[in-house]
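*Asks:* below are the sequence and a predicted model; questions follow.
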Amino acid sequence: MTTRTSNASGPLPTVGGRAVPYLPLGLLAGLGAVLAYLWKYPCRFGGVWNGGVGQFTHFCYTDIYPLYWAEHLNEGKIPYVDYPVEYPVGIGGIMEFARRLAGGDGVAFYDITVALMGISLVVGVLLTAALAGRTRPWDALWYAVGPAVILCAYINWDLAAGALALGGLLAWSRERQYLAGVLLALAVATKFYPLMFFGALFLLTVRTGKWVPFLKTAAAAAVAWLAVNVPIMAVNYEGWKRFYAFSSERGADWGGLWFFFQRRQMGFLADAEHLNTMAMAALAVLLAGVAVLALAAPRRPRLMQLCFLALAAFMITNKVWSPQYVLWLVPFAVLARPRWGALAAWQAAECWYFFSIWLYLVGQTPGQEALGIGDLAYFLSVWTRAITIVVLMALVVRDVLRPEHDVVRQAGIDDQSGGVFDGAEDRFALRSRTAATAA
């Protein structure tokens, strides 16, 4: 039986002592938010949003500004009710909030949205530090001022979902299961990817037999998700389902490996008609591998390790892999394996992809080809990013199979983010009795 070690012996720190790393981390996260805003300077203040490929050559593109018009927010239309929106209801709610404050001004809409996303970044950094625990709060710096975070922060609304997901997992770690379910459900209602974390919770529940806490979280999540979605469904079902229809209907798009296969016409991998089936099958295979790992490892994996592996599998097999998706993965990569070498290589690959995608779009614009790049340079960045994440996944898998390599557990910790899993006894494992005895 494993014993709890996350709150090991020693005097408990005072409130002031516990808060010491959080103030500078919050300030640095605020700095990161400001730097991300200044990165968009040529677009926000220079006017290149409205002129040809300038937003790409200045690397300041954002979805937020053009969608103010594309989603008819400038006409006063309410998301879903008056016009279908290609995002889940959480983002639609943020859009409507910013629209009401913007007073018909697209730049003001962008600024208000950025302010909300900047707050989400600060909150997300503090939550990451709290999940890292007293021994490693400074690992959250990767999320506060990481170069890829600064470059991609305000392309879309992803930071809001990140704050909600991290808040839900922190609530779980504090054994507040109902709150965890509500926050995770709101995260899923904002961006779909936090659904992967329920799988991680489920696998550790199977291994530990802690069914009551998991069922509380799942029930609260179901109620919360329905509470924010059913009213929109009732008012305008067609407007509500646009996100789900769009996700199913869209083809292979920028950044995804499927886009490479189709562009290169690589046999059955380029079959657009069966793309959804292939993408879902690939994800199922990877998630099955994560499940086997979780249930067969000699020691129960940490929750953040499984969250990272499930999320990385979701991203790699997705039909589209936008540059801002890096915001999804940064906190979980840091919490899963806080070693700077592989993280730095991955961040460099993400930055390379960030610049490549905009130059590639320039190269696809008639008359502007000389200013951009072609397929070879672009897809080299696509594969480099994917490979660095696969390497990170492999290193996390090694840490799971050989826990002595896990830098977090080297500090005498079991699973400080695991909540009821921390120090829990293994009730089920896919190992023979002989192997279990040897372990």
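*Replies:* In hand now; what should we look at?

*Asks:* alpha carbons of stretch 249-265, as PDB, please.
*Replies:* Output in PDB follows, covering the C-alpha atoms of stretch 249-265 (Å, rounded to 0.1, in the frame of the first residue of the first chain):
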ATOM      1  CA  GLU A 249     -17.900  18.300 -41.400                       C
ATOM      2  CA  ARG A 250     -14.500  20.100 -41.600                       C
ATOM      3  CA  GLY A 251     -11.800  18.600 -43.600                       C
ATOM      4  CA  ALA A 252      -8.100  18.300 -42.800                       C
ATOM      5  CA  ASP A 253      -6.800  21.800 -42.000                       C
ATOM      6  CA  TRP A 254      -3.700  23.800 -41.200                       C
ATOM      7  CA  GLY A 255      -1.200  22.200 -38.800                       C
ATOM      8  CA  GLY A 256      -2.700  18.700 -38.700                       C
ATOM      9  CA  LEU A 257      -0.800  15.700 -39.900                       C
ATOM     10  CA  TRP A 258      -3.800  14.700 -41.900                       C
ATOM     11  CA  PHE A 259      -3.400  17.900 -43.900                       C
ATOM     12  CA  PHE A 260       0.200  16.800 -44.800                       C
ATOM     13  CA  PHE A 261      -1.100  13.300 -45.900                       C
ATOM     14  CA  GLN A 262      -3.800  14.900 -48.100                       C
ATOM     15  CA  ARG A 263      -1.400  17.500 -49.500                       C
ATOM     16  CA  ARG A 264       1.100  14.700 -50.400                       C
ATOM     17  CA  GLN A 265      -1.700  12.400 -51.600                       C
END
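
*Asks:* how far off centre is it?
*Replies:* 21 Å (C-alpha atoms, centre = their mean, to the nearest Å).

*Asks:* use 427 as the first number from now on
*Replies:* In the new count, where the first residue is 427, that last one comes out as stretch 675-691.

*Asks:* show me what counts as buried in it.
*Replies:* Across stretch 675-691, burial judged by 16 or more other C-beta atoms under 10 Å covers Ala678, Gly681, Gly682, Leu683, Trp684, Phe685, Phe686, Phe687, Gln688. C-beta: built from backbone N, CA, C; applies to glycine.

*Asks:* name the residues that touch that stretch?
*Replies:* Applying C-beta atoms under 8 Å, 6 or more residues apart in numbering, the contact partners of stretch 675-691 are 692, 695-696, 698, 701, 704-705, 742-749, 751, 779, 783, 801, 805, 808-809, 812.

*Asks:* re the thing from before, tell me which of the buried residues of stretch 675-691 fall in helices.
*Replies:* Residues from those lying in helices, with DSSP state H as the criterion: Leu683, Trp684, Phe685, Phe686, Phe687, Gln688.

*Asks:* any weak-confidence spans in the protein?
*Replies:* Applying pLDDT under 70 to the chain flags residues 427-446, 857-865.

*Asks:* what about 90?
*Replies:* Scanning the chain for pLDDT under 90 picks out 427-447, 472-478, 559-561, 674-676, 691, 693-694, 696, 836-838, 854-865.

*Asks:* which residue is the nearest non-sequential neighbour of the spatially most central residue of it?
*Replies:* Residue closest to the average C-alpha location in the chain (C-alpha atoms, centre = their mean): Trp754, at 1.7 Å. Leaving aside its chain neighbours, Trp754 sits nearest to Tyr619 (5.5 Å; criterion: C-beta to C-beta, 6 or more residues apart in numbering).

*Asks:* in a helix, that's where that neighbour is, yeah?
*Replies:* No - looking at Tyr619 with DSSP: H, G, I helix; E, B strand; the rest coil, it is coil, so not inside a helix.

*Asks:* contact partners for it?
*Replies:* By C-beta under 8 Å, 6+ apart, the residues touching Tyr619 are Ala587, Leu737, Phe740, Met741, Trp754.

*Asks:* look up phi and psi at it.
*Replies:* When quoted as degrees, to the nearest 10, the phi and psi of Tyr619 stand at phi -60, psi -30.

*Asks:* how much space separates it from Gly458?
*Replies:* Look at Tyr619 and Gly458: by C-beta to C-beta, to the nearest Å, they are 21 Å apart.

*Asks:* equivalent analysis for Ala606, please.
*Replies:* Ala606 sits 26 Å away from Gly458, going by C-beta to C-beta.

*Asks:* so between those two, which is more surrounded?
*Replies:* With neighbours defined as other C-beta atoms under 10 Å, Ala606 and Gly458 compare such that Ala606 has more, 28 against 23.

*Asks:* so the more buried one: helix, strand or coil?
*Replies:* Ala606 - assigned by three-state DSSP - is helix.

*Asks:* so who does it touch?
*Replies:* Counting by C-beta under 8 Å, 6+ apart, Ala606 touches Gly594, Leu595, Ala597, Trp598, Thr643, Ala646, Gly845.

*Asks:* now do His498
*Replies:* His498 neighbours (C-beta under 8 Å, 6+ apart): Asp508, Tyr509.

*Asks:* and Ala589, how many neighbours?
*Replies:* Around Ala589 there are 27 other residues, counting by other C-beta under 10 Å.

*Asks:* any idea how far Gln773 is from it?
*Replies:* Using C-beta to C-beta, one gets 21 Å for the distance from Ala589 to Gln773.

*Asks:* same thing with Asn655?
*Replies:* 35 Å.

*Asks:* quick one: which of the contacts of Ala606 sit in strands?
*Replies:* Assigned to strands by DSSP state E, none of the contacts of Ala606 qualify.

*Asks:* pretty sure Leu461 sits against Ile576.
*Replies:* Yes - assessed by C-beta atoms under 8 Å, Leu461 is found in contact with Ile576 at 5.0 Å.

*Asks:* show me which of the two is the more surrounded one.
*Replies:* Between Leu461 and Ile576, Ile576 has the larger neighbour count (other C-beta under 10 Å), namely 21 against 15.

*Asks:* and for Glu699, the neighbour number?
*Replies:* Neighbour count for Glu699, taken as other C-beta under 10 Å: 7.

*Asks:* helix/strand/coil for it?
*Replies:* Quick answer, by three-state DSSP: Glu699 is helix.
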